[in-house]
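Engineer: Okay, structure incoming, though there's no sequence with it:
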């Protein structure tokens, strides 16, 4: 009997995602024994510092990728928005299953929407992307850093520490979590993180047995859209700690539309662009859109952010 060892973070959401993939594999190969290997990443350990100040690419995946490379695990299940643009040598993104909802949700105990929040309302988020777009729509809001897993963030909302918080819809759906008031923040007004809602399964490039095992789980449309979004992010040399957003959606059997955004942290400057591409040039379409936004002023916005981050480190 083959044993497949899945590396995962230990949060409830990460475990749900790993168990979901484990169940999919078991349905295809009932003869497989599956073990979960829980690994703590730097992002799980440093919880009292905003993500933007922790910095570094691979904050939630580095230790997991090391487990793949040293043979401790056979595959890893990631949230795609946490996966850096460049994988370590010897690793491949073997599979992107069908994507869940990529939107964000605004959660509140008392207010039904962003428009209903009172003047100067206190909103929690760990994301500069969310912060920038919230402030662009509502300059009066007071935004504070909100770290921790989904349950921790919801608890802080329930304790009254915030008037509202923003969480990814995918995580809420997967864990079947709710708040008294939940409203959608999605395209075209509010763009998600690159790869948000998608899972990525990573393994060693020389593990053809694992790659073959994952082929039935691959979802072509999700792969195309995620590759386009990641191409955009790669073209900006960005990570998950900068106010960059990208969202691709299929517009035909092999065509997609990619919307993208780069913003000042305070929401005063927001640059948007859109492009159409096909499945054969998904990544290049993203790279080209990044070049377009850089020419329009994104380079200035990002340089200002990187300089401020360096000065504060």
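Structural biologist: Yep, that arrived. Note that the structure is predicted; figures quoted are calculated from it, not measured. Numbering: from 1, shown residues only.
Engineer: got any ranges where the stretch 151-300 of the chain has weak pLDDT?
Structural biologist: 239-241 (pLDDT under 70).
Engineer: could you pull out the strands for it?
Structural biologist: Taking DSSP state E, counting those that start in this stretch as the criterion, the stretch 151-300 of the chain contains strands spanning 164-168, 181-185, 199-204, 244-250, 255-263, 270-278.
Engineer: And the pLDDT for the nearest residue to residue 3 once chain neighbours are set aside?
Structural biologist: The spatial neighbour of residue 3 that comes closest, neighbours along the chain excluded (CB to CB, 6 or more residues apart in numbering), is residue 33 at 4.5 Å. In this view, the C-beta of every residue, glycine as well, is placed from N, C-alpha and C. Reading off the per-residue confidence, residue 33 sits at a pLDDT of 95.
Engineer: Could you do the one 4 residues further on as well?
Structural biologist: We have a pLDDT of 97 for residue 37.
Engineer: just use 850 as the starting number from now, easier for me
Structural biologist: In the new numbering, first residue 850, that becomes residue 886.
Engineer: quick one: secondary structure of it?
Structural biologist: When states are read from DSSP: H, G, I helix; E, B strand; the rest coil, the local structure at residue 886 comes out as strand.
Engineer: What about it, how many residues nearby?
Structural biologist: Other residues near residue 886 number 15, with proximity taken as other CB atoms under 10 Å.
Engineer: swap in residue 880?
Structural biologist: The local packing of residue 880 (other CB under 10 Å) involves 7 other residues.
Engineer: again, but for residue 969
Structural biologist: As a burial measure, the neighbour count of residue 969 was computed by other CB under 10 Å and equals 10.
Engineer: wait, doesn't residue 985 sit right on residue 1110?
Structural biologist: No. Applying CB atoms under 8 Å as the test, residue 985 and residue 1110 come out as separate, 9.4 Å apart.
Engineer: What are the boundaries of the helices in the stretch 950-1099 of the chain?
Structural biologist: For the stretch 950-1099 of the chain, helices defined by DSSP state H, counting those that start in this stretch occupy the ranges 977-986, 999-1007, 1018-1024, 1057-1063, 1069-1084.
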